[in-house]
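>>> the following block contains a protein sequence and its predicted model.
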Number of protein chains: 4
Amino acid sequence: MVNVAILGGSGYTALELMRILLRHPHVTLVAVTSRQEETPLVSELHHSLSGRIKLRTEPFDADRLVQRGVHCAFGCLPHGTSMATIPALLEQGVRVIDLSADYRLRDPNVYAQWYGESHADLAHLAQAVYGLPEVYGEEIATAQLIANPGCYPQTAILGLAPLVAGKHIDLKQIIVDSKSGVSGAGRTPKLNYHFPECNESVVAYSVGTHRHAPEMEQVLGDIADAPVEVIFTPHLIPMDRGIFSTIYAVPRRAISSESSAMSQAQLLDLYRHFYAKAPFIRVVDHIPATKDTLATNYLDVTARVVRDRIVILACEDNLVRGAAGVAVQNFNRMYGFPEHTALI
Amino acid sequence: MVNVAILGGSGYTALELMRILLRHPHVTLVAVTSRQEETPLVSELHHSLSGRIKLRTEPFDADRLVQRGVHCAFGCLPHGTSMATIPALLEQGVRVIDLSADYRLRDPNVYAQWYGESHADLAHLAQAVYGLPEVYGEEIATAQLIANPGCYPQTAILGLAPLVAGKHIDLKQIIVDSKSGVSGAGRTPKLNYHFPECNESVVAYSVGTHRHAPEMEQVLGDIADAPVEVIFTPHLIPMDRGIFSTIYAVPRRAISSESSAMSQAQLLDLYRHFYAKAPFIRVVDHIPATKDTLATNYLDVTARVVRDRIVILACEDNLVRGAAGVAVQNFNRMYGFPEHTALI
Amino acid sequence: MVNVAILGGSGYTALELMRILLRHPHVTLVAVTSRQEETPLVSELHHSLSGRIKLRTEPFDADRLVQRGVHCAFGCLPHGTSMATIPALLEQGVRVIDLSADYRLRDPNVYAQWYGESHADLAHLAQAVYGLPEVYGEEIATAQLIANPGCYPQTAILGLAPLVAGKHIDLKQIIVDSKSGVSGAGRTPKLNYHFPECNESVVAYSVGTHRHAPEMEQVLGDIADAPVEVIFTPHLIPMDRGIFSTIYAVPRRAISSESSAMSQAQLLDLYRHFYAKAPFIRVVDHIPATKDTLATNYLDVTARVVRDRIVILACEDNLVRGAAGVAVQNFNRMYGFPEHTALI
Amino acid sequence: MVNVAILGGSGYTALELMRILLRHPHVTLVAVTSRQEETPLVSELHHSLSGRIKLRTEPFDADRLVQRGVHCAFGCLPHGTSMATIPALLEQGVRVIDLSADYRLRDPNVYAQWYGESHADLAHLAQAVYGLPEVYGEEIATAQLIANPGCYPQTAILGLAPLVAGKHIDLKQIIVDSKSGVSGAGRTPKLNYHFPECNESVVAYSVGTHRHAPEMEQVLGDIADAPVEVIFTPHLIPMDRGIFSTIYAVPRRAISSESSAMSQAQLLDLYRHFYAKAPFIRVVDHIPATKDTLATNYLDVTARVVRDRIVILACEDNLVRGAAGVAVQNFNRMYGFPEHTALI
């Protein structure tokens, strides 16, 4: 059994993690921390866990967690707080899967530019592995620190990887138009997420300024081994969960000798071949809906040739595949469990 | 033209009032107050009013409002604040339609019991008229201070009035089970009204303790000229607007000589007769849905005989009929305009 | 391994059953029948099962199912069709868990009265066991034919059982006011369930005429060993899943020597004691929300003393606890697996 | 007073038209036709109109409508049916505002290509005026036949018009990514629009094949006086009403002498200047939400410079601005009423 702690247990990704881990046959959940002054029962923070977990939340204390035999911690803390908290565990040999953004951007200058503060843990930043199993699967297995990927970037990266890897598209003309359910905004009440404000409404936000754009560019750049630029527009959709990304790309002419564009059939074949060994990526013929992936770790993707463009349609559940599910997928790789354990 | 001020312009009922009043041919909106320190444009608080209103919000100042010729103020302030604010206007002759709960309960002891503080304006409390046009229509016409009714009570009172007036039911065995959209909870962000908390969920709240219960009992008591008791359970429904009340009553045996219960046809006839002159009460044969009344000032009602009970089904838009619309209906009566002005 | 067939695979309860059974370590899903003329892949009917199930739907053929070694069939057929289909399997020794209403009402006259047709399988009707594990747990273990309970009745029956069993309430004055998500209406498109009709709206339906009322009365009558009468009003709520029932009961005076009503604490104690051994019934102090039970087999319940009444608040996921989940709970009892297998 | 008939009264646009026209001080609604065999009351088809309209629906009969003095008909019939019905009215001098697609595409070959049937009324097609007041305002005033614009095209056309008119962008690199509420799909129940299918889900549809694309290209081509190409992807959003279009365009280098891209401020100035006299187009600084335009005739638009692209964000209510509202705006122009009559 692997002894697991959850850091920052009051939000939605922590809840989703606990739901999954309570089903995991090789996990013992030994601690859930929270910065709340009272130390409520976890089941008081999350009524849906009534009768399922007896732990009381506790303040973060690295030594105490280590003494209680924690092998692995899942970090569900806000960025900034995460890099101030996690080093104490890493230094005592605990493995950490960090769901915040703190260890995702390799270049601390990029971090500072997008997150507005200097990176406070350069040593561990250099060792962190970006936790996208379909791209960095081998490094994940042996990593001590996983930077679990952002919800939006997974749809963009996995939606584009087959085309970017083969340099089938213009790397400077990528547009990612994403639609997300409201749980992606977290559990802290704000006017924008107040039910009567966002229900029955659609709105774009952070147009050209969303922090997930550099994350997409970094990983797609790794895959392409060349710089990639992404125009990214996220939208808020009146639903709890799910991200649907519509991605527009311009094929490079050289890809086909017979015609100016890749054929529809070639396109889907390329995707099927690329993801042949990825159990959680489903390349489908139909246009997938976010509901097809609801509460699962699957990412569904298809692609269409439209005039002289390629339009990719990718969707996932933002809390499972987009956060807690892929974190457990990473965990399974780190500890040698079958990749789908607790995820089916 | 009647010069109108809105007190407390940042919430949903204020927005709805402005939408209606901007259509009113005899109203000039001269001021919108807000307790916010900055004095934003009204259209910044409510983007839907962009291009429709040029006023900037301002701090409340009774003298200044009077100097600018305000004849009538609509109070959209929280209870407690309302009774601390409105007297200064009343004393200078301004007529006030107060949408808070402060002047609804005639007995200050009942107020103190349910609202947890002593009433601070007994003088005006004694003069206030409860603003339900179908019940107190004549007093409203000449009132200086209107206590605009609560959203839930209107469905209960108007749903029960024909039966209570004729003493057709047991006044001590009334159950009101109400379902409300989330806008009824106001515009202040709280966890309970955070989109991912209340979307895709139903929950009861304030079971047996909701402040609208004594309001129902007071007005139904007036109609019956006898004490009335109500068991009231409100529920939160994942939608913006609308209240649906399902009301259970026990008929008194004496009402029909031939049978032990009123017939279905007699029941609807009783309602149609009772509301023959009420333009905004629609007695319908079908079971109404809240959507039938969406964004209108109508209250739709029907009733059914079920075994030995009467089940009444009444619905309305909580922001229009339940608040801003009935406020304008009261305003029209106060100033002698046709009752439906700006409400169709 | 138990070989399982699903009869009628195109609807929501069948989908939910497959989701659960695909996780069940002791089940092999060998056939999914459908009355559709084409025989689509199951994953074409339900895109969410892409990559998870390779079966193609097939027409129902009892002999062929038996030849392929089916031990147990879950019937997801409409009432009427179910009792015309299932006998052929029962006669060849297959055990059946029928999710339709056909075998729920013990008295064929009551069936004929509420369902508008004579019962066509009186022989098996007499043997059927009502599949509510918390009430008929022992009979379920050895049954060949289970009449899986309706979604609404479970909230009413389990919400009332502790009070009815102890005769703590007046059995003739029970009101059940239920609120259900739209998936309860099935997957066949109709105007009432067309998105823009039922979204942002609440409406009651089948007032005093819903077929789940006699089911509640039969089972509560068994528990009380006396006739029970229920006034039942279902409502349609704009959400996918979940049922919330608000139940009003009148305590009998004799229950407490000191006071005229049972105390709040006594009430919850009674419930906790009654359900001490029921792993899926959670008696909670707070008012539960349907979201607390989303996609789980839990039924959450609490109760409140309000004036001289008892108000019970019970909720569940209508597709899991209300249908597919309790079906698997029954299956686990029938085959001796731990009750929660595949349900956590 | 203008005597008005509604052709095809059972759908959502007809309902919205009636709501608006019942407020119009210069309109008498004299007939509502329907192809339904029974001739129900309009208020039976639309419960929200209970007590507001006494007309019974009737079969379409051009002579009878003319005899009853109909001056203007609003066509809410499906495409195909519309062009088979409307000529009989036009030939007797009735003016028609057709909300179907039948008279929108000037070139009958394009119509045949996208709608799969030959155009059946070439004579009137040649006379039809595309009813977008901000573009064809003068022609509308004197037209006998208005082809009321599609819902999506208005957001695309009005969102792009200032840039296209001035040739500020590459006319062959336009991407329109639109998100629509479900009412846009009409009132006929289908599985795709069944509540539990589309609630809590986002999906793209008609990728590269939606019939509104040629409509956008035709009108933008008129404005540019040059061919325009649009990649258009519509999405279904779980809400009743509203369209949000996110539009990506590539600026032409020549537009600014100092820099390679138009500045943000220049961009908004361009829009404000272009729409200075358009009362229903609101150029806003903030990113608009569909809810800002809910149930109004406003189209809100803003634009952002993102890297080397322009991103335009435009939204509207699909039933009002996108259909019934703009139809009445056209009507007001045709009969010389102030443009906003009945629309505020």
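Cool, got the structure. Residues are numbered from 1 along each chain as shown, chains lettered A, B, ... in the order given.

>>> so residue A:325 sits against residue A:20, correct?
Yes - counting by CB atoms under 8 Å, residue A:20 is a contact partner of residue A:325 at 6.6 Å. Backbone N, C-alpha and C define where each C-beta goes, glycine included.

>>> by residue count, which helix of chain A is the longest?
Criterion DSSP state H: the longest helix present in chain A is helix A:151-165.

>>> on that earlier part again, so between residue A:325 and residue A:20, which is more surrounded?
Between residue A:325 and residue A:20, counted using other CB atoms under 10 Å in any protein chain shown, the more crowded position is residue A:325 (27 against 21).

>>> in contact with the more buried one, which residues?
A:16, A:20, A:296-297, A:317, A:319, A:343 (CB atoms under 8 Å, 6 or more residues apart in numbering or on different chains).

>>> closest to chain D among those?
Taking CB to the nearest CB as the measure, chain D lies nearest residue A:317 of the contacts of residue A:325, at 10.8 Å.

>>> and the pLDDT at the closest one?
pLDDT recorded at residue A:317 is 98.

>>> now residue A:66
Confidence score, pLDDT, at residue A:66: 98.

>>> ok, residue A:255 next?
So, for residue A:255, pLDDT stands at 46.

>>> in which helix or strand does the residue nearest to residue A:248 when sequence neighbours are not counted reside?
What sits nearest to residue A:248 in space, not counting adjacent residues and going by CB to CB, 6 or more residues apart in numbering or on different chains, is residue A:175, at 4.2 Å. In this assignment (DSSP states H and E), residue A:175 forms part of strand A:174-180.

>>> can whatever helix or strand comes next after that strand be found next to chain C?
The element immediately downstream of strand A:174-180 (helix or strand, assigned by DSSP H and E) is helix A:195-198. No - no part of helix A:195-198 sits near chain C under the criterion CB under 8 Å from any CB of the partner chain; the closest distance found is 11.2 Å.

>>> by contact count, what packs against helix A:195-198?
Packing contacts for helix A:195-198, counted by 3 or more CB pairs under 8 Å, 6 or more residues apart in numbering or on different chains; DSSP states H and E, involve helix B:195-198.

>>> among the contacts of residue A:325, which two are most distant?
The distance between the two most remote of the contacts of residue A:325 (CB to CB) is 13.0 Å, for A:319 and A:343.

>>> so for the two, which residue has more residues nearby?
Each of residue A:319 and residue A:343 has its neighbours counted (other CB under 10 Å); residue A:319 has more, 27 against 22.

>>> sorry, back to before: the residue nearest to residue A:248 reaches residue A:247, doesn't it?
Yes - with contact defined as CB under 8 Å, residue A:175 counts as touching residue A:247 (6.9 Å).

>>> which residues touch residue A:326?
Counted by CB under 8 Å, 6+ apart, residue A:326 has contacts A:131-133, A:148-149, A:154, A:297, A:320.

>>> what about it, which helix or strand?
Per DSSP H and E: helix A:325-335 holds residue A:326.

>>> okay, now the unreliable bits of chain A?
A:253-261 (pLDDT under 70).

>>> near chain C, which residues of it?
A:22-23, A:47-48, A:50-52, A:200, A:282, A:284, A:286, A:288-289, A:291-296, A:298, A:300, A:344.

>>> which among those end up buried?
Taking 16 or more other CB atoms under 10 Å in any protein chain shown as the criterion, what is buried in those is A:47-48, A:50, A:52, A:200, A:282, A:284, A:288-289, A:291-296, A:298, A:300.

>>> among those residues, which are in strands?
A:282, A:300 (DSSP state E).

>>> the strands in chain A, which residues?
A:2-7, A:27-33, A:72-75, A:95-98, A:129-130, A:145-147, A:174-180, A:203-204, A:230-236, A:243-249, A:281-283, A:299-306, A:309-316.

>>> residue D:141: which of those is closest?
Among the strands of chain A, the nearest to residue D:141 by CB to CB is strand A:203-204 (35.3 Å).

>>> next one: that closest one, is it in contact with chain B?
No - legend: contact between strand A:203-204 and chain B by CB under 8 Å from any CB is lacking; minimum distance shown is 9.9 Å.

>>> partner strands of that strand, with direction?
Strand pairing for strand A:203-204, using DSSP bridges, gives strand A:230-236 (antiparallel).
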